[in-house]
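Enquirer: Prediction below, plus the sequence it came from.
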Amino acid sequence: MAGSNPNAKPMNLTLKVWRQPNRQTEGQMVDYQVKDISPDMSFLEMLDVLNEDLLHQGQDPVAFDHDCREGICGSCDLFINGRSHGPEKGTTTCQLHMRKFSDGDTITIEPWRANAFPVNKDLSVDRSAFDRIIQAGGYVSVNTGGAPDGNEIPIPKDIADRAFEAATCIGCGACVAACKNASAMLFVSAKVSQLALLPQGQVERQTRVENMVAQMDIEGFGACSNIGSCAAECPVGISLENIAILNREFLTAKAASNNLA
């Protein structure tokens, strides 16, 4: 393995994995043993080893979500030892390496727990609720025709930096899994803040926040209680400041529309 430590000793681990055949059937924790796990493996590579063993035994492999395995796409969504994405702060599951664990450890692996994220199978959940929130207002109007020059609309650097920081949200859902209320406020606020800060987002600014918050409620996400566990577990460091921006945008939009429902 490229970049591996030749002195690293392989580990033997006990895995407690949530197994659930479909969303209509109750699930349960199942214990597995994995042996000779390199500390240089990623967490998902360790699960690949488990699945190879299960296939060789004629058993059904563990289903889990993944794609880029580079911490970019937000597909990996595992609750590891009671924490979103595991023990390393600012790290997605796919970028978590087994050196963060020790030989003989027992690791509990669960899917995101939220009514709005129903389990598809085992560790794979349906996060299409996020897609529907984005469809409700996470877009901007643009003129058709040739692409405008990149510097046609001047934007102050501090505004551009704040918008960029909000735009780094990868939509993984760790904030929802970490919140005791399963609130999606950090995710929604990042999208609202990103577009509210930029001139390109002004056309739909008022309707955007109303529609996205309404869709969030329809999807069944809980209310925000400002504990901050969402920001603490966010792998890309989305700030709680975005929730304050969303609340301000929402109240302003409601006052302007006289729609206080």
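Expert: Happy to help now that I have it.

Enquirer: Residue 111 - how many residues pack around it?
Expert: 24 (other CB atoms under 10 Å). Heads up, the C-betas are built off the backbone N, CA and C, glycines and all.

Enquirer: Let me see the backbone angles for it.
Expert: Here is the backbone geometry of residue 111 (degrees, to the nearest 10): phi -80, psi 170.

Enquirer: Surely it and residue 125 touch.
Expert: Yes - Residue 111 is in contact with residue 125 according to CB atoms under 8 Å; the separation is 4.9 Å.

Enquirer: Need the overlap of contacts for the two.
Expert: Shared contacts of residue 111 and residue 125 (CB atoms under 8 Å, 6 or more residues apart in numbering): 77, 117, 119.

Enquirer: closest to residue 151 among these?
Expert: residue 77 (37.6 Å; CB to CB).

Enquirer: okay, now that closest one: neighbour count?
Expert: Residues lying near residue 77 (other CB under 10 Å) number 24.

Enquirer: can you check residue 220 too?
Expert: A count of nearby residues for residue 220, using other CB under 10 Å, gives 14.

Enquirer: Would you mind giving me the confidence score for the nearest residue to residue 228 once chain neighbours are set aside?
Expert: Residue nearest to residue 228 in three dimensions, not counting chain neighbours: residue 240, with 5.8 Å by CB to CB, 6 or more residues apart in numbering. At residue 240, the pLDDT value in this model is 95.

Enquirer: how about the strands of the stretch 101-250 of the chain, start to end?
Expert: With DSSP state E, counting those that start in this stretch, the ranges of strands along the stretch 101-250 of the chain come out as 106-111, 119-121, 124-125.

Enquirer: these two touch, right, residue 17 and residue 123?
Expert: Yes - Residue 17 is within contact range of residue 123, at 7.2 Å (criterion: CB under 8 Å).

Enquirer: so what sits against both of the two?
Expert: Shared contacts of residue 17 and residue 123, defined by CB under 8 Å, 6+ apart, are found at 62, 109.

Enquirer: Those two: which is more packed in?
Expert: Using other CB under 10 Å as the criterion, residue 17 and residue 123 rank with residue 123 on top: 26 against 20.

Enquirer: before we move on, which element is the residue lying closest to the more buried one once chain neighbours are set aside in?
Expert: Nearest in space to residue 123, with sequence neighbours left out and distances taken as CB to CB, 6+ apart, is residue 64 at 4.1 Å. Using DSSP states H and E, residue 64 sits within no helix or strand.

Enquirer: Then residue 89?
Expert: Using DSSP H and E, no helix or strand contains residue 89.

Enquirer: burial measure for it, as a count.
Expert: 12.

Enquirer: if I look at it, how far off is residue 237?
Expert: Distance, residue 89 to residue 237, by CB to CB, to the nearest Å: 9 Å.

Enquirer: Likewise for residue 75?
Expert: Between residue 75 and residue 237 the computed distance is 19 Å (CB to CB).

Enquirer: So which of these two has more stuff around it?
Expert: residue 75 (19 against 12).

Enquirer: Rebuild the strands of the stretch 101-250 of the chain as CSV, extending it with mean pLDDT.
Expert: As requested, those are arranged in CSV below (pLDDT from 0 to 100):
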stretch, mean pLDDT
strand 106-111, 98
strand 119-121, 97
strand 124-125, 97
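
Enquirer: could the ones you listed go into a markdown table alongside distance to residue 81?
Expert: A markdown table is the format used below for these (distance: least, CB to CB, whole Å):
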| stretch | distance to residue 81 |
| --- | --- |
| strand 106-111 | 5 |
| strand 119-121 | 19 |
| strand 124-125 | 18 |
